[in-house]
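Chemist: structure of the sequence below:
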Amino acid sequence: DQCLTDVVLTRDRYNERIRLRLQDLLWAYLVLTTRSFSKSQNDFSIDPEPLLVPLADFINHDAGHANAEWRFDVSEQTFRVMVKPEKEVPCGGQILFNYGQPPT
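Modeler: This is a model prediction of the structure:
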């Protein structure tokens, strides 16, 4: 009974093997699938080019009371968090996103 512990991905440009521990590969996969944003806020499908935005993934989710949304500006390559104009966030209040339905 053998356990898979290493994964050989490919050869790099120096023709050396790249070896990862399986737990590191799983960690990277989970970070990407649970902490990334789509370039379109309303597109909850799996994005082929997901965005990892440091600290933005700490913003809480509340579908019914979301008071902010995000935008990715392709031309400027910027990720922006904007409070919705009709919502007011008091000083010290939480900023809430609607992350949508999780992918199945």
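Chemist: and the most centrally placed residue in the chain, how far from Tyr99?
Modeler: For the chain, the residue sitting closest to the mean C-alpha position, by Cα atoms, centre = their mean, is Ser36 at 0.7 Å. Ser36 sits 11 Å away from Tyr99 when distances are taken as Cβ to Cβ, to the nearest Å. C-beta here means a position set from N, CA and C on the backbone, and glycine is covered the same way.
Chemist: would you map the helices across the protein?
Modeler: 22-35 (DSSP state H).
Chemist: lowest-confidence helix or strand of it?
Modeler: strand 6-11 (a mean of 61; mean pLDDT, DSSP states H and E).
Chemist: what is the burial count for Leu96?
Modeler: 20 (other Cβ atoms under 10 Å).
Chemist: got a list of what the residue lying closest to it once chain neighbours are set aside touches?
Modeler: Closest residue in space to Leu96, ignoring its immediate chain neighbours: Asp62 at 4.3 Å, by Cβ to Cβ, 6 or more residues apart in numbering. Contacts for Asp62 were tallied using Cβ atoms under 8 Å, 6 or more residues apart in numbering; they are Leu96, Phe97, Asn98.
Chemist: looks like the first one contacts Phe58 (just checking).
Modeler: No: with contact defined as Cβ atoms under 8 Å, Leu96 and Phe58 do not form a contacting pair (11.8 Å).
Chemist: which intervals of the chain have sub-threshold pLDDT?
Modeler: By pLDDT under 70, the weakly predicted segments of the chain are 1-18, 41-48, 101-104.
Chemist: sweet, I'm off.
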